[in-house]
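> Predicted model and sequence follow; I will ask about them next.
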Amino acid sequence: MVGLDGSFKGHRRSLDWHHVRAWRVVCRSLRYFGRVRGNGGLHGRRCAMVTGLRMRLGARWRSGTARLCGCVVGQRLTGSWLHVESSGLNGDGFMTRFRLLLAMMFLAGCVAAAPPVTDGTALVNGLVSAPFADEAAQDQAFLDWRAELLAAIADRDAQAVSQMAAPEIKLTFGGEAGRAALMQRLTGPSLPNGPEQGEDYWQALEAAVTGGGRFDAAGTFAAPYFWRADIPGAWNVFDTFFVVGPPRPVYAAPATDTPVLMTLQEVGFEAPPYPGVPRVNGVDQFRAVSLKNGEIGFMAAADLQPLVGYRATFEKRDGVWQMIYFIAGD
């Protein structure tokens, strides 16, 4: 706890020393305004000139949070309000306002002093590197054809997309195949408990085709790019996930309102179901990652891409590119 006199009295969580030093500077400045009351407000003995000034502090500190109300360094500083009323101390209104401005500047500096969240690539066990890759430009004909496909997807033109698919395009491992079945998936209504179709299906197709991709030795192109990532053979493909795009947070517990321990970006890992995480419709909302310090971190399922999610495969037949698979599962 950090008292309003600037004293450091222990902590609930680890607190960087420069935070404590910054807080002490703030406290010394704020003592210009009069005595400090226990509820976090600053009240002079004779409140006079400026009343009701409020400054909202919404920044988070990496390893803890300063909470001015009660002056406790806890888990997070969000939405706390600092109520300041200037006092009738010796000095004119200009000096009072000037000192108030200085205090506000010190507080802003205190919040800005928080270090950024650490990249956790070297802190997590069992990661494989999975940088974004898009090899489409290796074949100009395919690159142009894919641009036409993406335009048809953006227009939600089911007829055009179906004509760019192979006549026997495979859609499921249960035998669903063909252009007519693809048309049904694209044009049918979204069903909460049925197979994905309608707008949900369009979005899955768009995400796959825009997700980069790689050619194989036979010349077929698979998207998204991580479908052909190099992963250990012992991994369960159904428990393999990738962090795609910008850095994603690793939380201290399976909830997004808990402290962020670190971030991960462009990596893959195996994450079997972890007991106790929240579930919605039977689906785990978080996946656990093993940290090298022996602790467990959690990533939101919404921030991860499953290896066996929807992917598309394209093949050139008789000089014409076609989509031969759009499928999920294994």
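Good, I have the coordinates.

> Where does the prediction get shaky in the stretch 101-250 of the chain?
For the stretch 101-250 of the chain, the stretches flagged by pLDDT under 70 are 101-116, 193-195.

> and with 80 instead?
101-117, 190-195 (pLDDT under 80).

> in it, which spans are helices?
140-154, 158-163, 179-187, 199-209 (DSSP state H, counting those that start in this stretch).

> G297 is nearest to which of these?
Nearest to G297 among the helices of the stretch 101-250 of the chain is helix 199-209 (25.4 Å), distances taken as C-beta to C-beta. Where you see a C-beta, it was placed from the backbone N, CA and C, and this is true even at glycine.

> Name the residues of that closest one that come out as buried.
Y201, W202, A204, L205, A207, A208, V209 (16 or more other C-beta atoms under 10 Å).

> of the residues you listed, closest to D257?
Nearest to D257 among those, with distances taken as C-beta to C-beta, is A207, at 27.1 Å.

> wouldn't L171 be in contact with A328 here?
No - counting by C-beta atoms under 8 Å, L171 stays clear of A328, with 9.3 Å between them.

> Looking at these two, which one has more neighbours?
Set L171 next to A328 and count neighbours by other C-beta atoms under 10 Å: L171 wins out with 20 against 15.

> any idea how far that one lies from M164?
Look at L171 and M164: by C-beta to C-beta, to the nearest Å, they are 15 Å apart.

> and if you look at V260?
42 Å.

> out of these two, which sits in the more crowded spot?
Neighbour count, other C-beta under 10 Å: between V260 and M164, M164 has more, with 22 against 19.

> ok, the more buried one - contacts?
Residues counted as contacts of M164 (C-beta atoms under 8 Å, 6 or more residues apart in numbering) are W145, E148, L149, A152, W321, Q322, M323.

> Please repeat the previous calculation with a cut-off of 7 Å.
If you count contacts by C-beta atoms under 7 Å, 6 or more residues apart in numbering, M164 has them with L149, A152, Q322, M323.

> Kindly report the same for V244.
Taking C-beta under 7 Å, 6+ apart as the test, what V244 contacts is F226, Q305.

> E148 and V209: what is the separation?
11 Å.

> got the buried residues for stretch 139-151?
Buried, per 16+ other C-beta under 10 Å, within stretch 139-151: D139, F142, W145, R146, L149.

> ok now do the third one, which residues does it touch?
When you say that, I think you mean W145. Applying C-beta under 7 Å, 6+ apart, the residues contacting W145 are W321.

> for A328, same thing?
So A328 contacts V308, G309, Y310 (C-beta under 7 Å, 6+ apart).

> change it to 8 Å
By C-beta under 8 Å, 6+ apart, the neighbours of A328 are A204, V308, G309, Y310, R311.

> And for the second one, the neighbour number?
V308 has 16 neighbouring residues, counting by other C-beta under 10 Å.

> Give me the domain ranges for the protein.
17-112, 123-327 (automatic domain parsing).

> per-residue pLDDT, the nearest residue in space to W235 that is not next to it in sequence?
Excluding the flanking residues, the one nearest W235 by C-beta to C-beta, 6 or more residues apart in numbering is E270, at 4.5 Å. As predicted, E270 sits at a pLDDT of 97.

> do the one 4 residues further on as well
With respect to pLDDT, Y274 scores 96.

> if I look at the nearest residue to it once chain neighbours are set aside, how far off is L261?
Excluding its sequence neighbours, the residue lying closest to Y274 (C-beta to C-beta, 6+ apart) is A288, at 3.9 Å. Remark: distance between A288 and L261 (C-beta to C-beta) = 12 Å.
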